[in-house]
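[1] could you work out the structure for the sequence below:
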Amino acid sequence: MVTRNRHHVTILMPCTVLVFPYTGAVFLASIHLPSRQNTFKVSEPMTHRQWNPTPPNCSLTHLSDAERRIYDGTTKKAVWNLKSIQSSLSGENPVGAIATKSASQDMATNLDWRLEDAVKFVQALSMARYMGSEWCYTPNGAQAFACDVYVMGFNRITGKEHQQSDPWVYFKFSMTAQEDKLIVFSAHRERNE
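    Numbering: from 1, shown residues only. Below is the predicted model of the structure:
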């Protein structure tokens with residue numbers, strides 16, 4: 001028998017639980033082993049999101065580049081927790097990665113990259129390369145995604161930052177709603193505008 005409340009799950013029979021999904025999110029649990037009852041104390045859900053900006057209430061096609069930018073008040077602030085995403089990309093059960101059709105074409109044509117190279121790029125990033133955040137829609141325009149933008153010189157062979165690489169790579173990504181996949185929206189040579 002299993003009983004639940006907001007912060008505890010009680011299992012009335014002995015068992016071993018390594019990962020305990022709870023409402024579709026990933027949680028950290030501490031295990032207490034009283035005599036015939038196993039109680040798992042569940043912490044707040046782990047998330048890759050640092051904050052939740054309010055999406056625009058109109059189509060992005062009607063917004064300028066400046067209007068699509070995301071600010072926390074007047075301050076640039078990353079939407080996604082880079083360290084958390086990097087850990088999830090290389091963990092025991094790594095999150096997947098996908099790319100929009102446009103990003104896939106740019107990676108293949110202009111960077112000679114595969115999706116694995118994009119994952120290496122994210123793993124090599126640091127917050128020093130963060131340029132800002134902006135709203136993007138999926139190609140069919142059905143859903144708005146808060147994306148973080150990074151620009152960095154990168155050696156795809158070594159998988160490390162390489163400041164002398166020219167031009168640097170402009171890279172824009174988000175996470176799926178379930179935060180189980182990294183979505184690459186842009187990956188191309190930096191354009192000096």
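[2] contacts, neighbours, all on C-alpha from now
    Noted.
[3] the closest residue to Lys120 other than its chain neighbours: how many residues sit nearby?
    The shortest distance from Lys120 to any non-neighbouring residue, by CA to CA, 6 or more residues apart in numbering, is to Gly159 (5.4 Å). Gly159 is flanked by 17 other residues according to other CA atoms under 10 Å.
[4] do a quick rundown of the strands in this protein.
    Taking DSSP state E, the strands of the chain run over residues 2-4, 8-11, 26-32, 38-46, 69-70, 96-99, 130-137, 144-152, 154-155, 160-161, 169-175, 181-189.
[5] quick check: mean pLDDT of the fifth one?
    In this model, strand 69-70 has a mean pLDDT of 94.
[6] chain center to it: distance?
    Relative to its parent chain, strand 69-70 has a centroid offset of 17 Å by CA atoms, centre = their mean, to the nearest Å.
[7] packing partners of it?
    Packing partners of strand 69-70 (3 or more CA pairs under 8 Å, 6 or more residues apart in numbering; DSSP states H and E): strand 130-137.
[8] tilt between the strand it packs on and strand 181-189?
    When axes from the mean of the first three to the mean of the last three CA atoms, to 10 degrees is applied, the directions of strand 130-137 and strand 181-189 differ by 110 degrees.
[9] just checking: what are the partner strands of strand 130-137?
    strand 69-70 (antiparallel), strand 144-152 (antiparallel) (DSSP bridges).
[10] that older thread, so who does the residue nearest to Lys120 touch?
    117, 120-121, 124 (CA atoms under 8 Å, 6 or more residues apart in numbering).
[11] list just the nearest of those to Cys147.
    The shortest approach to Cys147 among those belongs to Phe121, at 15.7 Å (CA to CA).
[12] give me the nearest residue to that closest one, chain neighbours excluded.
    Gly159 (6.6 Å).
[13] distance check, the one you found against Val119.
    Separation of Gly159 from Val119 (CA to CA, to the nearest Å): 9 Å.
[14] what does Ala66 give?
    Going from Ala66 to Val119 by CA to CA gives 28 Å.
[15] returning to that earlier point: any chance of the contacts of Gly159 in JSON lines with neighbour count and pLDDT as columns?
    Converted to JSON lines, these look like this (neighbours: other CA atoms under 10 Å; pLDDT from 0 to 100):
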{"residue": "Asp117", "neighbour count": "18", "pLDDT": "96"}
{"residue": "Lys120", "neighbour count": "21", "pLDDT": "96"}
{"residue": "Phe121", "neighbour count": "21", "pLDDT": "97"}
{"residue": "Ala124", "neighbour count": "16", "pLDDT": "97"}
